[in-house]
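>>> coords please:
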Amino acid sequence: MQVFKVVSRVKVQGERRFPFRVVGLAPGADLYALARAIVAAFDFDFDHAFGFFDGKNPYRAQVAYELFKDMEMAQGPQRAAPPHVPAPPAPPAEAQLALMLLLETVDRHALMRETAAFLARRLEEELLPHAPERLRAALAGQLRTFADGLLLDEEQDEGSSLPPQIRERLAQPGGLDAVLGQLQVVGPVLSGPGLLGPGLPTGREEHGVKGVPATVPFGRQATWTFLFDYGDDWTFDVTYQGLQDAPPRVRLPRVLDALGTAPQQYPDWDA
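Residues are numbered from 1 along each chain as shown. Prediction:
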């Protein structure tokens, strides 16, 4: 069996270590099967899209293996819609690139601090009226800490990777469409010449997950980021630990070792 160690980047309150699971997978299983096994090992529902990425930040990764790619290939060429039919939504990859460009134009740390403060105020409005008077001041402090922990990025600021000319164009009316056109987004791959400056990726190498052997990415590097559920962004560090003999009469995939409590996929905030 193929053995993978999966470490969640979310630590359950009160526990000292980040939870991990060691998963045994049948030889020849693909990345889709690995994703399903990881999600099951952490007691999540397998109900969202996912991907494997070569960087800590999936949205800045240079190599990606994503379910979106399989979905795009399955859809095949798209015919133009009649004039009276609304245009289809932008493909996920183009929307992802647009978000990346727009985020480079704002002070993200300031934005998240303001968002955390707003969230703390709303939580106070909703929850404090139900708390005893003697606990409200302490609860208000706890809610502010909770909001900060949810929203503030503790990683080092990597700085902007946008060349000045792209930043200036984005600030103009219709600038985002102009920049996307210059970058020539073809499906999920950037192939535009000339405009990309130092520090901005020239394109992301993208693959599907179905039919791709689970060990293929790990021939490039030892650990990959697994992202499940774009939006909630559950992230895990996945390391391939090699081949081992499977226990007799054991069905794979199987959790071989586990430490820590898995975070709740859908917390019951009313509990």
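
>>> low-confidence ranges in the stretch 51-200 of the chain?
Applying pLDDT under 70 to the stretch 51-200 of the chain flags residues 75-94, 151-165, 181-200.

>>> The same query, at a cut-off of 90, please.
58-61, 68-200 (pLDDT under 90).

>>> end-to-end on stretch 149-169?
Taking CA to CA, to the nearest Å, stretch 149-169 runs 34 Å from one end to the other.

>>> how's this protein carved up into domains?
According to automatic domain parsing, the chain comprises the domains 2-79+203-259, 108-151.

>>> Comparing those domains, which comes out most buried?
Neighbour counts (mean count of other CB atoms under 10 Å) averaged over each of the domains of the chain peak at domain 2-79+203-259, with a mean of 17. Using the backbone N, CA and C atoms, a C-beta is placed for each residue, glycine as well.

>>> Can you list the strands that the lengthiest strand in the chain pairs with?
Counting by DSSP state E, the longest strand found in the chain is strand 234-243. Applying DSSP bridges, strand 234-243 is found paired with strand 2-8 (antiparallel), strand 223-228 (antiparallel).

>>> which residues touch Arg144?
Contact analysis of Arg144 by CB atoms under 8 Å, 6 or more residues apart in numbering lists 116-117, 120.

>>> Put together JSON lines for those, with distance to Gly175 on each row.
Supplementary listing: the contacts of Arg144 in JSON lines, determined by distance: CB to CB, whole Å:
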{"residue": "Ala116", "distance to Gly175": "29"}
{"residue": "Ala117", "distance to Gly175": "29"}
{"residue": "Ala120", "distance to Gly175": "34"}
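
>>> Mind jotting down where the strands sit in the chain?
2-8, 20-25, 50-53, 63-66, 185-186, 189-190, 205-207, 223-228, 234-243, 254-259.

>>> could the ones you listed go into CSV alongside distance to Glu133?
Below are those laid out as CSV (distance: least, CB to CB, whole Å):
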stretch, distance to Glu133
strand 2-8, 38
strand 20-25, 42
strand 50-53, 46
strand 63-66, 51
strand 185-186, 56
strand 189-190, 57
strand 205-207, 56
strand 223-228, 42
strand 234-243, 37
strand 254-259, 41
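
>>> nearest to Leu143, of these?
Taking CB to CB, strand 234-243 is the member of these nearest to Leu143, at 23.1 Å.

>>> Off-centre distance for the closest one?
Strand 234-243 has its C-alpha centroid displaced from the chain centroid by 15 Å (CA atoms, centre = their mean, to the nearest Å).

>>> May I have that strand as CSV, with CA atoms only?
Provided in CSV are the C-alpha atoms of strand 234-243 (Å, rounded to 0.1, in the frame of the first residue of the first chain):
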residue,chain,number,x,y,z
TRP,A,234,-9.6,23.6,4.6
THR,A,235,-5.8,23.1,4.0
PHE,A,236,-3.6,20.1,4.9
ASP,A,237,0.1,19.3,4.4
VAL,A,238,0.4,15.9,2.6
THR,A,239,3.7,13.9,2.6
TYR,A,240,4.2,10.6,0.8
GLN,A,241,5.9,8.1,3.1
GLY,A,242,6.5,5.3,0.6
LEU,A,243,5.3,1.8,0.1
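
>>> hmm, who's touching that strand?
For strand 234-243, using CB under 8 Å, 6+ apart, the contacting residues are 1-10, 22, 27, 34, 38, 42, 44, 52, 58, 214-215, 218, 222-228, 263, 265.

>>> Run the angle between it and strand 20-25 for me.
50 degrees (axes from the mean of the first three to the mean of the last three CA atoms, to 10 degrees).

>>> what is the orientation angle of strand 234-243 with strand 254-259?
120 degrees.

>>> can you give me the helices for the protein?
Here the chain has its helices, by DSSP state H, at 31-41, 67-75, 92-103, 108-127, 136-151, 164-170, 175-183.

>>> Let me see the residues that make contact with the first one.
Taking CB under 8 Å, 6+ apart as the criterion, the residues outside helix 31-41 that touch it are 4, 6, 21, 23, 25-26, 29, 45-46, 50, 52, 65, 67, 70, 209-210, 212-214, 216-217, 226, 228, 236, 238, 253, 255, 258.
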